[in-house]
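Asks: Sequence first, then the predicted structure, then my questions.
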Amino acid sequence: MNYHIRMENIILGSAGWRNKYAGKSNILSDDQIKILLSEITNLGINHIDTAPSYGDAEEKIVQFAAPSTLIDTKLNQFDELKDLKDQLYKLDQKRIHTIYFHDPEIVRKSSTKELDQYYREIKKANCNMGFSLYDIKSFETAYSIFLNNHDVLFQVPVNLLDLKFLKFILENNITLNRIIVRSIFSRGLIFLDDSQIPSCFQNNYLKVKKLFEEIYGRSFDQKSLIELTFSLINFLHRKKIKTLFGVNSIEEIHSIIKNTQKNIQMNFDWDDMIQQSKTINKIEDLIL
């Protein structure tokens, strides 16, 4: 299978840069962040996802990233537009690409009028509005409200053990260039060997391993995880779906680049796998 993944279709997530994440502490120093941001610029990656809940990652990105770097961030609540105005001020609104609402309760409990007010304010700031959601019902609600607003974007979770969103999107003719897939590395699992599994994952490890081997008929090891993951990423990019990768080091970024450039021969039909998928409602909470 040939890989034709373009760097402009890659967004890097910063959840683990300045914050305990996935059951482990991996706090990057200022110098490490400077080097990482310089490296991604050299590689042609210019889009970073962050949030107020990621420690002080937002501030570090604004401080050290190249001026051309696009920044996505999030809001967790409605507060008479105060949170929005604070984010615009803190991050320098000229650099913000998309402001996402990250709490599904915002969709469930807010009126169309309230959501539309935020849309108008965000557009006034020359940013995109988006929703970063975990459940299909919230996605359906938000998507229906903004069906004709093609600049409203949606982050949704997809990975080797959770294909339900991808199945729903492809079966319901959702506009694919409005979708950004995240959680694809399952908390960095493809970068780890058995001895490095984070503590938050340990109790579920054998269950996940067994299910993976039943679904894919492959051993649950780093080689299989990497090959299948990048095969899925290639499938997504051919459909013009962007992908968001959480990374914690330059080494992980180099692993992404290396594996996007490989010509790995895999006779694997993702259309069929997604169509037949009976996954993964029973396991999704273990890996997001």
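Replies: Nice, thanks for sending it over.

Asks: Can you list the low-confidence ranges for the chain?
Replies: 1-6, 21-26, 78, 80, 194, 197-202, 261-267, 278-288 (pLDDT under 70).

Asks: in it, which helix has the most residues?
Replies: Ranked by number of residues, the top helix in the chain under DSSP state H is helix 222-238.

Asks: Any buried residues in that helix, and which?
Replies: For helix 222-238, burial by neighbour count (16 or more other C-beta atoms under 10 Å) applies to 224-237. (Glycine included, C-beta is placed from N, CA and C.)

Asks: do you know how far the residue most central in space within the chain is from Lys223?
Replies: Among the residues of the chain, the one closest to the centroid is Arg182, at 2.3 Å (C-alpha atoms, centre = their mean). As defined by C-beta to C-beta, to the nearest Å, Arg182 lies at a distance of 24 Å from Lys223.

Asks: do Gly55 as well
Replies: Between Gly55 and Lys223 the distance, using C-beta to C-beta, works out to 33 Å.

Asks: circling back: and the residue nearest to the residue nearest to the centre of the chain when sequence neighbours are not counted, what are its bridge partners?
Replies: In space, Arg182 comes closest to Leu244 once its chain neighbours are excluded; the distance is 4.1 Å by C-beta to C-beta, 6 or more residues apart in numbering. Per DSSP bridges, residues listed as beta-bridge partners of Leu244: Ile11.

Asks: Is there a neighbour count for Leu244? I'd like the number.
Replies: As a burial measure, the neighbour count of Leu244 was computed by other C-beta atoms under 10 Å and equals 21.

Asks: Look up how far Ile27 lies from the residue nearest to Leu70 when sequence neighbours are not counted.
Replies: Taking C-beta to C-beta, 6+ apart as the measure, Leu70 lies nearest to His97, with 4.0 Å between them; neighbours along the chain are not counted. If you measure His97 against Ile27 using C-beta to C-beta, the figure is 25 Å.

Asks: Compare those two (neighbour count), which wins?
Replies: Ranked by neighbour count (other C-beta under 10 Å), His97 and Ile27 place His97 first, with 18 against 13.

Asks: where do the helices sit along this protein?
Replies: If DSSP H is used as the criterion, the helices of the chain fall at 30-43, 57-64, 82-91, 104-109, 112-124, 136-145, 164-171, 199-202, 205-216, 222-238, 250-260, 270-276, 284-287.

Asks: from the chain's centre, how far out does the fourth one sit?
Replies: On the basis of C-alpha atoms, centre = their mean, to the nearest Å, helix 104-109 is displaced by 20 Å from the centre of the chain it belongs to.

Asks: Can you pull out the residues in contact with that helix?
Replies: Contacts with helix 104-109, where a contact means C-beta atoms under 8 Å, 6 or more residues apart in numbering, come from 77-78, 101, 115, 131, 133-135, 138, 141-142.

Asks: Export it to CSV, keeping only CA atoms.
Replies: C-alpha atoms of helix 104-109 as CSV (Å, rounded to 0.1, in the frame of the first residue of the first chain):
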residue,chain,number,x,y,z
PRO,A,104,-21.2,17.4,25.0
GLU,A,105,-23.5,19.0,27.6
ILE,A,106,-23.1,22.2,25.7
VAL,A,107,-24.9,20.6,22.7
ARG,A,108,-27.5,18.7,24.8
LYS,A,109,-28.5,21.6,27.0
